[in-house]
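Participant: 3D, please:
(2 chains)
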Amino acid sequence: MKKILLLLSILAVSAFAMGGDLGAGTKADELNVPAIVMFFAFVAATLGITYWASKKTKSASDFYTAGGGITGVQNGTAIAGDYMSAASFLGITGSVYLNGYDGLIFSIGFLVGWPVILFMISEQLRNLGKYTFADVTSYRLKQKPVRILAALGSISVVILYLIAQMVGAGKLIEILFGLDYEFAVVLVGILMIGYVVFGGMLATTWVQIIKAILLLLGTTFMSIMVMAQFGFSFEELFRTATEIHSKGEAIMSPGGLVSDPISAISLGIALMFGTAGLPHILMRFFTVSDAKEARKSVFVATGLIGYFYILTFIMGFGAIVLVLGADGGTYLSADGHTLKGMNNMAAVWLAHAVGGDYFLGFISAVAFATILAVVSGLTLAGASAVSHDLYANAFADGKKVSEENEMKVSRYATIAIGIAAMICGIAFEKQNIAFVVALAFTIASSANFPVLFMSIFWKKLTTRGAVIGGYIGLASALILVILGPVVWTQILGFGDPIVPYKFPAVFSVPMAFIAIWYFSITDNSEDAQRCIDEFDAQDIRCQTGIGASSASEH
Amino acid sequence: MDKAMVEKIKSNPSYVELVTKRSSFAWKLTITMLTVYYAYILLIAFSPETLGAKLTAGGMATVGIPVGIAIIVFAFALTGVYVKRANSEFDGLLNKIKEDVAKDIK
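Facilitator: Take a look at the predicted model:
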């Protein structure tokens, strides 16, 4: 165990040595020494956590849910960490930097799903489930078909999300540390497999918590430094930004990002209900002891995420002034318009502008940590779907699977998903990955969320309704995204898209709900009656937590 | 949980009170959040100039900025409102139900 972790760190070092050699002079302008020192400090600390966690991870419950011993505040911080991915830290700051006000619209869409999760999903999940959200959807329905559906939904979302994170990670590390893209992807993949295989949910959660705190401290510092330059006057900040930005005063109002009402509503539905169908977020509700702690988690998470989004707005405007407007175009590439690296690097260069090399190093290391923490959570969610839903339940055919075997399968699944993510990450390097995120959110909102919601609240749901409805949601999400502007027009080059919406959730979510309803009410089988009869007992456990699996079980 | 127990809990007055009060509260808060959010989205889609209006004459800040920040703060405040009532009133009812169930088991 110790040896393997040691091996991992040696691997990380040698990847740097090799990548550094190959990349020197071609990728980065110069080697960023403070960034590399902080990167190593972080990797060493996380491997330490993994070692500590591995000693405490004995049972399946430890592996999947950290034994249910995470507190509400810790879990809320970890959830916030999952949500403050590199995509939102760099992406939203970059989007404010490019378009001004429009960046805020995305932040709000990402945030408003949280209160709804609290009111409708979080306590119910904790009371009904054990390790995965499929525990809830299959509570009174037939195990096999419902678990397979949930596992398919989970694994597709996880893989798509992983691809997006991997490509982003590879690019980021290539720029920050001068490592080759392929090395960067493999490095991230190996570290993430290490955290999950050895440390399970406990390591994954603590890596996430530490990163969330570092990221919040870093962004708070950056925002204060930005505001200090303008005597803490927003008016001054905005005035200077509009003078520098090529779009002028247009950056102060909503622009072309959300052009027509259908797109706007569709985006809103995808972001809001997609969040409630993301397996790596849902599984976090099983790591706390009871519904009360689950509730507290969402409160803490919503506060931290909201605070973070307000900071990204300040940082985006700060970057317009201090990065775009820096003397002599320090941060611009040769063409004099785009940022060095890419426009998503606004937050990173802002760190340099306000805090110099050391702070740039800190933020780079935090950005890297963010990627590692998020991909680890995703991988664990995917592995749980394989081992708990498919292996231990759907394909066990009623036989009891031992905990040791289930955990073994889970670890193999982690390695398989990790390798798949590395291969896809390298294969998708030059692709437009915007559709990948759109697809992940659309599947989560159309296949996972409707089945989960109906299984909790609707008495007359039957196995047939849930399964047919879920697959219709999954298929329509897939088809509509393929016929949409990103895949049809940009990637396949077939001309005008057949479906003009990037996020087709406005169609696919209602389709799933209607199918679930229709195929349930027309189901007259014996099993249907059993599903309906068992609702009352489920509802009592859902409402009260009586009989819920708890941390004291082992 | 056997059938008799299910029926017993279902007819427990504290249980009935908890379920009615909590679900109506949760739905009301959900609808409030959805209304605020979609009103904002529709405003962006149909009347972006409302949000783009200057906050003060000669100033740079627009109406959209405090509105956007307010929605973020509002979302957080709503979670606080729910947690506060759940921790006191709903958990109180829940404890009563659990006590009743424990008595029945004895």
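Participant: show me where pLDDT drops low in chain B?
Facilitator: Filtered on pLDDT under 70, chain B yields the residue ranges B:1, B:106.
Participant: Which single residue in it comes nearest to chain A?
Facilitator: Of chain B, the residue with the smallest distance to chain A, taken as CB to the nearest CB, is residue B:52 at 2.7 Å. Glycine gets a C-beta too; all of them are placed from N, C-alpha and C.
Participant: and the longest helix for chain B?
Facilitator: Ranked by residue count, the top helix of chain B under DSSP state H comes out as helix B:13-46.
Participant: Tell me how many other residues crowd residue A:482.
Facilitator: When neighbours are counted by other CB atoms under 10 Å in any protein chain shown, residue A:482 registers 18.
Participant: I'd guessed it sits against residue A:488; true?
Facilitator: Yes. When contacts are counted by CB atoms under 8 Å, residue A:482 is listed as touching residue A:488 (6.6 Å).
Participant: what's the closest non-adjacent residue to the residue of chain B closest to chain A?
Facilitator: Counting by CB to CB, 6 or more residues apart in numbering or on different chains, the nearest residue to residue B:52 once its immediate chain neighbours are dropped is residue A:253, at 2.7 Å.
Participant: and that neighbour, backbone torsions?
Facilitator: Backbone torsions of residue A:253, given as degrees, to the nearest 10, read phi -130, psi 160.
Participant: Point me to the residue of chain A nearest chain B.
Facilitator: Here the residue of chain A nearest chain B is residue A:253; by CB to the nearest CB that distance is 2.7 Å.
Participant: give me every residue that touches that residue.
Facilitator: Contacts for residue A:253 were tallied using CB atoms under 8 Å, 6 or more residues apart in numbering or on different chains; they are A:100, A:101, B:48, B:49, B:51, B:52, B:62, B:64.
Participant: Kindly recompute the last result at 7 Å.
Facilitator: Listed by CB atoms under 7 Å, 6 or more residues apart in numbering or on different chains, the contact partners of residue A:253 are A:101, B:48, B:51, B:52, B:62, B:64.
Participant: show me the contacts for the closest residue in space to the second one that isn't next to it in sequence.
Facilitator: Counting by CB to CB, 6+ apart, the nearest residue to residue B:48 once its immediate chain neighbours are dropped is residue A:254, at 4.3 Å. Residues counted as contacts of residue A:254 (CB under 7 Å, 6+ apart) are A:101, A:102, A:105, B:44, B:48, B:51, B:52, B:64.
Participant: what's the closest of these to residue A:303?
Facilitator: Closest to residue A:303 out of these is residue A:105 (20.5 Å), distances taken as CB to CB.
Participant: what about the closest one, neighbour count?
Facilitator: By the measure other CB under 10 Å, the count of residues near residue A:105 is 24.
Participant: Distance check, it against residue A:319.
Facilitator: For residue A:105, the distance to residue A:319 equals 18 Å [CB to CB, to the nearest Å].
Participant: Show me the shaky parts of the stretch 201-350 of chain A.
Facilitator: Per-residue confidence of the stretch 201-350 of chain A (counting by pLDDT under 70) places the weak regions at A:256-260, A:336, A:341-343.
Participant: For residue A:525, the count of nearby residues, please.
Facilitator: The tally of other residues near residue A:525 (other CB under 10 Å) stands at 11.
Participant: nope, residue A:290 is what I meant
Facilitator: Number of residues near residue A:290 (other CB under 10 Å) recorded here: 16.
Participant: Verify the stated contact: it with residue A:545.
Facilitator: Yes. Applying CB atoms under 7 Å, one finds residue A:290 in contact with residue A:545, separated by 6.1 Å.
Participant: now for the strand or helix carrying residue A:220, which elements pack on it?
Facilitator: In the assignment (DSSP states H and E), residue A:220 maps to helix A:181-229. Based on contacts counted as 3 or more CB pairs under 7 Å, 6 or more residues apart in numbering or on different chains; DSSP states H and E, the elements that helix A:181-229 packs against are helix A:2-23, helix A:33-56, helix A:60-65, helix A:72-83, helix A:143-177, helix A:291-319, helix A:346-384, helix A:403-427.
Participant: Spatially nearest residue to residue A:100, not counting backbone neighbours?
Facilitator: residue A:251 (2.6 Å).
Participant: residues touching residue B:36, list them.
Facilitator: By CB under 7 Å, 6+ apart, the contact set of residue B:36 is B:71, B:74.
Participant: If we use 8 Å, what do you get?
Facilitator: For residue B:36, the residues meeting the contact criterion (CB under 8 Å, 6+ apart) are A:112, B:71, B:74.
Participant: Next, count neighbours for the last one.
Facilitator: Translated: residue B:74. Applying other CB under 10 Å, we find 16 residues neighbouring residue B:74.
Participant: For it, give its distance to residue B:35.
Facilitator: Distance check for residue B:74 against residue B:35: by CB to CB, it reads 11 Å.
Participant: Show me where chain A dips below the pLDDT cut-off.
Facilitator: Chain A contains residues with pLDDT under 70 at A:1-31, A:256-260, A:336, A:341-343, A:432, A:434, A:549-554.
Participant: out of the contacts of residue A:254, which are buried?
Facilitator: A:101, A:102, A:105, B:44, B:48, B:51, B:52, B:64 (16 or more other CB atoms under 10 Å in any protein chain shown).
Participant: In TSV: these, plus secondary structure and distance to residue A:161.
Facilitator: Output for the buried ones among the contacts of residue A:254, formatted as TSV (DSSP: H, G, I helix; E, B strand; the rest coil; distance: CB to CB, whole Å):
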residue	secondary structure	distance to residue A:161
A:101	coil	27
A:102	helix	23
A:105	helix	22
B:44	helix	27
B:48	helix	31
B:51	helix	31
B:52	helix	34
B:64	helix	30
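Participant: can you name the two of the residues you listed that are farthest apart?
Facilitator: Spatially, the most separated pair among the buried ones among the contacts of residue A:254 is A:105 and B:52, at 12.7 Å (CB to CB).
Participant: OK, contacts around the residue nearest the centre of chain B?
Facilitator: Chain B has residue B:29 as the residue nearest its centroid, 3.3 Å off, counting by CA atoms, centre = their mean. Residue B:29 sits next to A:115, A:119, B:78, B:81, B:82 when contact means CB under 8 Å, 6+ apart.
Participant: go again using 10 Å as the cut-off
Facilitator: For residue B:29, the contacting residues are A:115, A:116, A:118, A:119, A:120, B:78, B:79, B:81, B:82, B:85, taking CB atoms under 10 Å, 6 or more residues apart in numbering or on different chains as the criterion.
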